[in-house]
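Engineer: Okay, structure incoming, though there's no sequence with it:
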Ligand SMILES: Cc1cc2nc3c(=O)[nH]c(=O)nc-3n(C[C@H](O)[C@H](O)[C@H](O)COP(=O)(O)OP(=O)(O)OC[C@H]3O[C@@H](n4cnc5c(N)ncnc54)[C@H](O)[C@@H]3O)c2cc1C
Ligand code: SF4
Ligand code: SF4
């Protein structure tokens, strides 16, 4: 997570934020997304080369209005404001969770991995209670964390680490096709030892996918197992026969009023 | 059995972003369009998405999925598109007839052209314990929380670090569940960094290079064992929900039934009907668009839908060839821009292979 998106570095955001809030953009991959550019009335966010270019911020013209923070679907834009001085900074983050967070109350500022950075006072809450809107929370933290804060949370309990256990030796067998009761080991045997080089043939012989669910559960796994186990040279993956109805339908409907 | 057969001009199957845009585009040049969807609401995947959509603002990004769906649907209604919801298409026959299971009866229609925009279905995984209650697709979990307002469990383990896995993890957390982790066999997060960022800052760990071993429990899911691929150490997660977000595959059984030539393209999610850049399949007059033609994103689905709508309108005589080609070219340019990033490279190459065949 380098401090660089597009042509502007976070250093510049840091420098300019002594005059008031500036947008800090943590979005550096080439993804097809651009609402931030569209939302900024100042023209401070620019995608230089089409929709996949990472957004670049011009900290000079950004007025800290926060429109981009509220609209960004990646929740990847924050505001940093160092104008209050005395070693403190105010950081604004987008928020869509349900922790109890009150104006004037204390909350945790966390970094990009959810690690605790500092406890701070919530100095601004906007967009609360308006359904379908992202809330913006502003939290006061020691200046040194200003560029690191990525989230705010209530004093929620943290996850415990999963327990490490002894490796289990034998993998138990299990049902592959539930409807026709075909076990995993049996199916693999059929694929590796049989002469079935196409899915329809495999289906016909094993009966996997031909039961009540008509393959709804096992169709995709049957295909991946087939691809994994069948030698590539002579398999036929493109044949595919489908018959109506593709959705279950009551027989009485097909047969008219008296079924 | 004999059913009366209704004559239609253009039938669009699926009212997701692709289908709605296809219907709009064709109706805008004067086609008489009917659109059917098996859901009782239009919007497809969009109507399940409560998050702000990423994508281009030209396609409504920054708004929530449900809002985009409502807008597209409203636009279609304004143009007089005939919308039939709660209607499943059961079959697409080689004589051109289409069988629909409509709310009051089964019916047959005979359209002059058909656009298949049926979206995609979730892939699954088979492993010991996969039949336990509590093991479900991420899409199923999302339907439970966002449509039925039911929390499927209190502790969730997510398999798959693609965008769907990341977004659904976040939504489960919003709905009040605890998400104990996201597991992926890959060595790096497969979804977008910004989506991963939202999840990680909530303290949800992402276990890369880890493989699902088994799910266990007596009457329902109680624990999941996961193995680190590199050193074989095994972690035990207590969880009552195991969500699988291991990819989607195009839902194109209708096109296959209509004898459209099928092609296998891993990057597009599996078997897809062959199609050209104009979204025509190997069978005239059948067109394909959206996730059904290869799993990508909503903005892409919308543009492909528009192209399919234009091609169908051209073949139905509502648009002259020059005009149609010009409109398609303008959209193709936008599609190229959408697919310019590294995440789309494989899909773009697969599409180009298709177009060239
Ligand atoms: C969790 C999640 C999050 C996502 N987030 C984003 C995002 O932020 N941005 C983005 O760009 N994309 C996102 N996507 C992807 C996006 O939703 C899809 O790419 C897009 O919806 C595909 O549109 P479509 O019209 O092809 O298919 P769909 O939206 O799936 O619509 C298909 C429609 O066809 C109907 N149908 C299918 N078969 C039949 C039949 N036999 N008879 C009648 N009707 C039928 C279905 O009911 C459905 O309504 C997300 C996807 C998921 C799963
Ligand atoms: S904070 Fe306002 S002015 Fe600054 S980049 Fe965002 S939208 Fe533009
Ligand atoms: S809106 Fe957010 S996710 Fe999209 S490009 Fe801008 S900063 Fe990145």
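Structural biologist: Arrived safely. Here the structure is a predicted model, which means the values were calculated and not measured. Numbering: from 1, shown residues only, chains lettered A, B, ... in the order given. Ligands and ions are numbered 1, 2, ... in the order given.
Engineer: pretty sure residue B:88 contacts residue B:38?
Structural biologist: Yes. Using C-beta atoms under 8 Å, residue B:88 is in contact with residue B:38, at 4.0 Å. From N, CA and C alone the C-beta is placed, and that goes for glycine too.
Engineer: Please name the nearest non-neighbouring residue to the residue in the stretch 201-350 of chain B that chain A sits nearest to.
Structural biologist: Residue nearest to chain A within the stretch 201-350 of chain B: residue B:203 (3.1 Å; C-beta to the nearest C-beta). Excluding the flanking residues, the one nearest residue B:203 by C-beta to C-beta, 6 or more residues apart in numbering or on different chains is residue A:114, at 3.1 Å.
Engineer: that older thread, spell out which residues are contacts of both of residue B:88 and residue B:38.
Structural biologist: Counting by C-beta atoms under 8 Å, 6 or more residues apart in numbering or on different chains, the shared contacts of residue B:88 and residue B:38 are residue A:247.
Engineer: Do the strand or helix carrying residue B:21 and chain A come into contact?
Structural biologist: Here residue B:21, judged by DSSP states H and E, is contained in helix B:17-28. No. Judged by C-beta under 8 Å from any C-beta of the partner chain, helix B:17-28 stays clear of chain A, getting no closer than 14.4 Å.
Engineer: And the average pLDDT for that helix is what?
Structural biologist: On average, the pLDDT along helix B:17-28 is 98.
Engineer: elements contacting that helix?
Structural biologist: With contacts defined as 3 or more C-beta pairs under 8 Å, 6 or more residues apart in numbering or on different chains; DSSP states H and E, helix B:17-28 has these neighbours: strand B:5-13, strand B:33-36, helix B:65-78, strand B:106-116, helix B:298-315.
Engineer: Give me whichever of these is most buried.
Structural biologist: Stretch with highest mean neighbour count among the helices and strands packed on helix B:17-28: helix B:298-315 (a mean of 29; mean count of other C-beta atoms under 10 Å in any protein chain shown).
Engineer: after that helix, next one along is what?
Structural biologist: Sequence-wise, the next helix or strand downstream of helix B:298-315 (DSSP H and E) is helix B:321-338.
Engineer: just checking, what packs against that next one?
Structural biologist: Packed next to helix B:321-338, using 3+ C-beta pairs under 8 Å, 6+ apart, are helix B:298-315.
Engineer: which helices and strands sit right next to the helix it packs on?
Structural biologist: strand B:5-13, helix B:17-28, helix B:65-78, strand B:106-116, strand B:286-288, helix B:321-338.
Engineer: Quick one: check stretch A:91-110 for contact with chain B.
Structural biologist: Yes. Using C-beta under 8 Å from any C-beta, stretch A:91-110 reaches chain B at A:96-98, A:110.
Engineer: avg pLDDT for that stretch?
Structural biologist: Mean per-residue pLDDT for stretch A:91-110: 91.
Engineer: Look at it and report the distance between its end residues.
Structural biologist: One end of stretch A:91-110 to the other measures 11 Å (C-alpha to C-alpha, to the nearest Å).
Engineer: Same check on stretch A:164-176?
Structural biologist: Stretch A:164-176 has an end-to-end distance of 28 Å (C-alpha to C-alpha).
Engineer: average model confidence for that stretch?
Structural biologist: Per-residue pLDDT values across stretch A:164-176 average out to 76.
Engineer: Also stretch B:284-291?
Structural biologist: On average, stretch B:284-291 scores 97.
Engineer: Now do the helices for the stretch 101-250 of chain B: every range, in order, please.
Structural biologist: Ranges of helices in the stretch 101-250 of chain B, per DSSP state H, counting those that start in this stretch, are B:138-146, B:163-174, B:193-200.
Engineer: Same list (the ones you listed) but as TSV, adding mean neighbour count.
Structural biologist: Shown next, in TSV, are these (neighbours: other C-beta atoms under 10 Å in any protein chain shown):
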stretch	mean neighbour count
helix B:138-146	20
helix B:163-174	24
helix B:193-200	23
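Engineer: Would you tell me which of the ones you listed gets closest to residue B:2?
Structural biologist: Distance to residue B:2, taken as C-beta to C-beta, is lowest for helix B:138-146 among the helices of the stretch 101-250 of chain B, at 37.2 Å.
Engineer: Listing request: residues of the stretch 1-150 of chain A with sub-threshold pLDDT.
Structural biologist: A:1-8, A:129-133 (pLDDT under 70).
Engineer: what residues are up against the residue lying closest to residue A:108 once chain neighbours are set aside?
Structural biologist: Computed as C-beta to C-beta, 6+ apart, the closest residue to residue A:108 that is not its neighbour in sequence is residue A:153, at 5.2 Å. Residues in contact with residue A:153 (C-beta under 8 Å, 6+ apart) are A:97, A:99, A:107-108, A:110, B:202-203.
Engineer: Roughly how far does residue A:153 sit from ligand 2?
Structural biologist: Plainly put, residue A:153 is 23 Å away from ligand 2 if you go by C-beta to the nearest ligand atom, to the nearest Å.
Engineer: Next: residue A:12.
Structural biologist: To ligand 2, residue A:12 is 13 Å away according to C-beta to the nearest ligand atom.
Engineer: can you list the domain ranges for chain B.
Structural biologist: B:5-121+B:248-356, B:124-244 (automatic domain parsing).
Engineer: Residues in contact with the longest strand along chain A: which ones?
Structural biologist: In chain A, with assignment by DSSP state E, the single longest strand is strand A:116-126. Here strand A:116-126 makes contact (C-beta under 8 Å, 6+ apart) with A:66, A:90, A:92, A:101-111, A:135-142, A:145, A:148-149, A:152.
Engineer: For the stretch 1-150 of chain A, which residues are neighbours of ligand 2?
Structural biologist: By C-beta under 6 Å from any ligand atom, the part of the stretch 1-150 of chain A that sits against ligand 2 consists of A:23, A:39-40, A:42, A:44-45, A:57, A:62-68.
Engineer: Buried members of these into PyMOL, please.
Structural biologist: Per 16 or more other C-beta atoms under 10 Å in any protein chain shown, the buried members of these correspond to this PyMOL selection:
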select buried, chain A and resi 23+39+40+44+45+57+62+64+65+66+67+68
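Engineer: three-state assignment of residue A:36?
Structural biologist: helix (DSSP: H, G, I helix; E, B strand; the rest coil).
Engineer: TSV please, covering the helices of the stretch 101-250 of chain B and showing distance to chain A.
Structural biologist: Formatted as TSV, the helices of the stretch 101-250 of chain B follow (distance: least, C-beta to the nearest C-beta, whole Å):
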stretch	distance to chain A
helix B:138-146	12
helix B:163-174	6
helix B:193-200	3
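Engineer: I'd like those laid out as JSON lines, including distance to ligand 3 and mean pLDDT.
Structural biologist: Listed next are these as JSON lines, based on distance: least, C-beta to the nearest ligand atom, whole Å; pLDDT from 0 to 100:
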{"stretch": "helix B:138-146", "distance to ligand 3": "21", "mean pLDDT": "92"}
{"stretch": "helix B:163-174", "distance to ligand 3": "12", "mean pLDDT": "95"}
{"stretch": "helix B:193-200", "distance to ligand 3": "5", "mean pLDDT": "96"}
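Engineer: how far away is the residue of the stretch 101-250 of chain B at minimum distance from ligand 2 from residue B:176?
Structural biologist: For the stretch 101-250 of chain B, the residue closest to ligand 2 is residue B:194, as judged by C-beta to the nearest ligand atom, at 15.8 Å. Distance, residue B:194 to residue B:176, by C-beta to C-beta, to the nearest Å: 23 Å.
Engineer: Same question for residue A:56.
Structural biologist: According to C-beta to C-beta, residue A:56 and residue B:176 sit 38 Å apart.
Engineer: okay, these two: which has more neighbours?
Structural biologist: Shown here are residue A:56 and residue B:176; by other C-beta atoms under 10 Å in any protein chain shown, residue A:56 has more neighbours (18 against 11).
Engineer: just the buried members of the contacts of residue A:153?
Structural biologist: Buried among these (16+ other C-beta under 10 Å): A:97, A:107-108, A:110, B:202-203.
Engineer: Pick the one among the residues you listed closest to ligand 3.
Structural biologist: Closest approach between these and ligand 3, by C-beta to the nearest ligand atom: residue B:202, at 17.1 Å.
Engineer: what sits against the closest one?
Structural biologist: Neighbour list for residue B:202: A:97, A:114, A:151, A:153, B:170, B:173, B:179 [criterion: C-beta under 8 Å, 6+ apart].
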